[in-house]
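**Student:** Sequence and computational prediction follow.
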Amino acid sequence: MLESLRRIVQEVNRALSLDDALHIIVSRVKEAVGADVCSVYLTEPGNREHVLLATDGLRPEAVGQVRIPLNRGLVGWVAEKADLVSLNDASTHSRYLSITETGENRFRGFLGVPIVQNRRVLGVLVLRQREARRFGDDEVTFVITLAAQLAGAIELGRMHQQDLMPSRVLSGMAASPGIGFGTAVVVYPPATLEAVPDKVIEDTAAEADTFRAALKDVSAEIDRIGDRFSQEDRAIFDAWRMMLESDSLVDGALQRIQSGSWAQAALRDTIAEHTSVFDQMEDPYLRERASDVRDLGRWILTRLQNQSAPALVYPPKTILVGDDISVMQLSAVPTDSLAGIVSSGGSASSHIAILARGMGLPAAMGVSDLPVSRMDGLDTIVDGYRGRAYADPEPSIRAEYERLASDEQAFAAELDALRGLSSETTDGFSFPLYLNTGLVSEQLPAGSDEAAGVGLYRTELPFLVRDRFPGESSQYNTYRRILEIFTPRTVTIRTLDIGGDKPLSYFPIEEPNPFLGWRGIRVVLDNPQIFMTQVRAMLLASVGLDNLQLLLPMITTMDEIDESLRMIRRAYNELLSEGHAVKMPPVGVMIEVPAAVYQAEAFAGRVDFLSVGTNDLTQYLLAVDRNNPRVAALYDDLHPAVLRALTQVAAGARVHGKEVSVCGELAGDPLGAVLLLGAGVHSLSMSAASLLRVKGVIRSLSRGRARELLNDALRCDTGAAVRKLLIAALDDIGLGGLVRPGR
Ligand code: PEP
Ligand code: MG
């Protein structure tokens, strides 16, 4: 049974259309179970009916014609219950609906199994047999197992079959607020060299020209993209440029073309030859260069495959669309041409979403039914408040969004009036707001000067865009720049937090459970040279400015704190003895795993401050992967369990008179900010786009009112109830606009 199950699922997944897939299902299931009939009805909720779309055993002419009203008949009953119905004689059942067109009144035994995805009934699989008998347990469990696996393929087939209907709403998760209008530009993962077939060509001169043209395109792109990064971020681009100019790579490929190979295979073999030389090298650094050569090879291949279509052109309002948009793909678009992001993968807490928020760019993530392959060039609207996108929107939808966008502009003008005002409650309590950032280019996000300083500088971004670990002087330059920009305001720089969903291409970590594995402080304590280099660079960068605070991510045990403090002190002593006027900065730890919540008091006794990372804390408390769209509905940082954890952390820090900040996304949510104020947190840190909104809410209520609201929230059973309570409270003080979609 297992083997035939696997075979059927494979065959269905390979089907080219929904009709093919359904045809395979009915014929294979009928055969495997030995039934007399197998049919599939798909549910059309809009038309309130189930439509017979495939059958093996009933009259073929009934396909597409027989439509059963939503809650009628046995099929309707299966769908209604979302559970199976097994009967030895269907015709005697009170829900039986006699349908003559199919010729099924000849059959008695009945098994109906719902096809369900994400709690939604997509349709019903029906088996019939001539004689009156129930299907056996083995047959029933086989069909249930199969139906559970077919739902995905059926849904996909159905989506591909539907034409991209104008204004069909594509739903995902709200990832970065705002409304974006523009033209979809689809980005794909790079082409694979290994998949290139051999091909012999006649006109070798023309093929050589094609190859040279591709090299020229790539070279121009490298120049263009590389120029957007600072000197020290540009290493990989310089390395690629040198390779492009090297004789061995270019001549090697041209020789292969001269002997009759088409350019793509010539490139494939030349790149393979080069990487094998690097692969055999002793030195691990040089061995790593193989991946740079491969990357360059893929880039050239992409150009060769698109010779007719030149390098990606970004229209003035580009909406970047893709399955998995990388930081590189995002940074390749000129900043002033970007209007939004729509991604089928990821979620609001993915790093690409965090970047989007930092740039004030509307984004919808986890849009699982995104027809990526058919969206390129389409007029698109992104609604970053609701996590939706519209391809080729109808005029009425466009008009509605234009109205929302103009409301938003008016609202932004209202918020503008808050510029320069202090972040203070109505009873005069100062609640400073800091900025979350992680610069990859020279630009600071607009509005940064509103911040009291930087509450979280994520150092992984400068590490991600390089091709190797940056050295002390390169890191010094990066940190010095941010400390100088903000001096005398404090800048909290976090030590490297790689692993989880932030892999470095040059330091691969392969693990079955990356979020529970080698991540954050664990990686750098196991590699003291990486930690020491980074800490030395930070301390040196702060000389004469003395506005640095140092933050340790993913702390789970007191030993990790002690070991980190020992190394920080060692770096400090080393630098002092080398004659640098370094100062020991305040050191804090992030509270982002449940263990740290329970030990917050003890941790606060050991360090200078705590900073709560609610993104990870929510993920670990609720056991919900922050990047998995399937469980995204369960990810809720207003969940009462998260709020209780926060109050416990604040209480723990209070015992030692230490400050607590919150730097997860909850801090930038006006609703979250109210609760955090009530919980006795001392400051918040958020992306630039949230600063004025949060300031607006802080300036509109007293600390006492925030405490009352927190207490009410702690009595709620669910995150949804907390949200409702707070929205009503903000509405009461005339701030509903801060949280209502469209603003
Ligand atoms: C967090 O986990 O809340 C946090 C701020 O860190 P990051 O999002 O970088 O993991
Ligand atoms: Mg984190």
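**Tutor:** That came in fine, so what should we check first? Ligands and ions are numbered 1, 2, ... in the order given.
**Student:** Ligand 1 contacts on the chain?
**Tutor:** If contact is defined as Cβ under 6 Å from any ligand atom, the residues of the chain in contact with ligand 1 are 456, 458, 497, 592, 613, 614, 615, 616, 663, 664. Placement of C-beta: from N, CA and C, glycine included.
**Student:** Sort out which of the residues you listed are buried, if you could.
**Tutor:** 456, 458, 497, 592, 613, 614, 615, 616, 663, 664 (16 or more other Cβ atoms under 10 Å).
**Student:** Which ones among these lie within strands?
**Tutor:** When these are checked against strands (DSSP state E), the matches are 456, 458.
**Student:** From the buried ones among the residues of the chain next to ligand 1, pick out the ones that also neighbour ligand 2.
**Tutor:** Among those, the residues lying close to ligand 2 (Cβ under 5 Å from the ion) are 592, 613, 616.
**Student:** How about the contacts made by the closest residue to the second one other than its chain neighbours?
**Tutor:** I take that to be residue 613. Taking Cβ to Cβ, 6 or more residues apart in numbering, and ignoring the residues beside it in sequence, residue 613 has residue 592 as its nearest neighbour in space, at 3.6 Å. Taking Cβ atoms under 8 Å, 6 or more residues apart in numbering as the criterion, residue 592 is in contact with 553, 554, 612, 613, 614, 615, 616, 617, 620, 664.
**Student:** next one: residue 261
**Tutor:** By Cβ under 8 Å, 6+ apart, the contact set of residue 261 is 198, 199, 200, 201, 269.
**Student:** one more time with 10 Å, if that's ok
**Tutor:** Residues in contact with residue 261 (Cβ atoms under 10 Å, 6 or more residues apart in numbering) are 198, 199, 200, 201, 204, 207, 253, 255, 267, 268, 269, 270.
**Student:** Pretty sure the fourth one sits against residue 260.
**Tutor:** This points to residue 201. Yes: if you go by Cβ atoms under 10 Å, residue 201 and residue 260 touch, sitting 6.3 Å apart.
**Student:** Now the common contact residues for those two.
**Tutor:** 207, 266.
**Student:** Surely residue 50 is within a strand?
**Tutor:** Yes: the secondary structure assignment for residue 50 places it in a strand, going by DSSP: H, G, I helix; E, B strand; the rest coil.
**Student:** helix/strand/coil for the residue nearest to it when sequence neighbours are not counted?
**Tutor:** If the residues on either side of it in the chain are set aside, residue 50 comes closest to residue 41, at 4.1 Å by Cβ to Cβ, 6+ apart. For residue 41, the assignment made with three-state DSSP gives strand.
**Student:** Mind telling me which residue of the stretch 151-300 of the chain is nearest ligand 2?
**Tutor:** Evaluated by Cβ to the ion, the stretch 151-300 of the chain has residue 175 as its residue closest to ligand 2, separated by 16.5 Å.
**Student:** And the stretch 1-150 of the chain, by the same measure?
**Tutor:** Sorted by distance to ligand 2 under Cβ to the ion, the residues of the stretch 1-150 of the chain start with residue 118, at 27.4 Å.
**Student:** Distance check, that residue against ligand 1.
**Tutor:** Applying Cβ to the nearest ligand atom, to the nearest Å, one obtains 26 Å for the distance of residue 118 from ligand 1.
**Student:** likewise residue 562?
**Tutor:** Remark: distance between residue 562 and ligand 1 (Cβ to the nearest ligand atom) = 22 Å.
**Student:** Give me the pLDDT for the residue nearest to the spatial centre of the chain.
**Tutor:** Per Cα atoms, centre = their mean, the C-alpha nearest to the average position across the chain is that of residue 346, at 2.2 Å. Each residue has a pLDDT score; the one for residue 346 is 82.
**Student:** Confirm for me that residue 222 is in contact with residue 241.
**Tutor:** Yes: with contact defined as Cβ under 10 Å, residue 222 reaches residue 241; the gap is 5.6 Å.
**Student:** ok, the two, which is more surrounded?
**Tutor:** When neighbours are counted by other Cβ atoms under 10 Å, residue 222 and residue 241 differ, and residue 222 comes out ahead with 21 against 16.
**Student:** Show me which residues of the stretch 451-600 of the chain are close to ligand 2?
**Tutor:** The interface of the stretch 451-600 of the chain toward ligand 2, taken as Cβ under 5 Å from the ion, is made up of residue 592.
**Student:** ok, now how distant is the residue of the stretch 451-600 of the chain found nearest ligand 1 from residue 598?
**Tutor:** Closest contact between the stretch 451-600 of the chain and ligand 1, by Cβ to the nearest ligand atom, is at residue 592 (4.8 Å). Here residue 592 is placed at a distance of 13 Å from residue 598 (Cβ to Cβ, to the nearest Å).
**Student:** packing partners for the longest helix seen in the chain?
**Tutor:** With DSSP state H applied, the helix covering the greatest number of residues in the chain is identified as helix 137-161. Packed against helix 137-161 by the contact rule (3 or more Cβ pairs under 10 Å, 6 or more residues apart in numbering; DSSP states H and E) you find helix 2-14, helix 18-33, strand 37-44, strand 85-87, strand 109-117, strand 120-129.
**Student:** what's the angle from the first one to helix 137-161?
**Tutor:** What that stands for is helix 2-14. Direction vectors for helix 2-14 and helix 137-161, defined by axes from the mean of the first three to the mean of the last three Cα atoms, to 10 degrees, enclose an angle of 10 degrees.
**Student:** same check, this time on the third one
**Tutor:** Our comparison of strand 37-44 with helix 137-161, counting by the same axes, to 10 degrees, yields an angle of 40 degrees.
**Student:** thinking again about what came up before, now the ones next to ligand 2 among the buried ones among the residues of the chain next to ligand 1 in a markdown table, please, with extra columns for pLDDT.
**Tutor:** As requested, these are arranged in a markdown table below (pLDDT from 0 to 100):
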| residue | pLDDT |
| --- | --- |
| 592 | 97 |
| 613 | 98 |
| 616 | 96 |
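**Student:** and the residues you listed as TSV, adding distance to residue 30?
**Tutor:** Shown next, in TSV, are those (distance: Cβ to Cβ, whole Å):
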residue	distance to residue 30
592	53
613	54
616	49
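**Student:** Of those residues, just say which sits nearest to residue 324.
**Tutor:** Of all these, residue 616 has the smallest distance to residue 324: 20.9 Å, by Cβ to Cβ.
**Student:** Identify the residue spatially nearest to the closest one, adjacent ones excluded.
**Tutor:** Once flanking residues are discounted, residue 616 sits nearest to residue 592: 3.7 Å by Cβ to Cβ, 6+ apart.
**Student:** re earlier: lowest average confidence across the helices and strands packed on helix 137-161, which one?
**Tutor:** The bottom spot among the helices and strands packed on helix 137-161, by mean pLDDT, belongs to helix 2-14, with a mean of 78.
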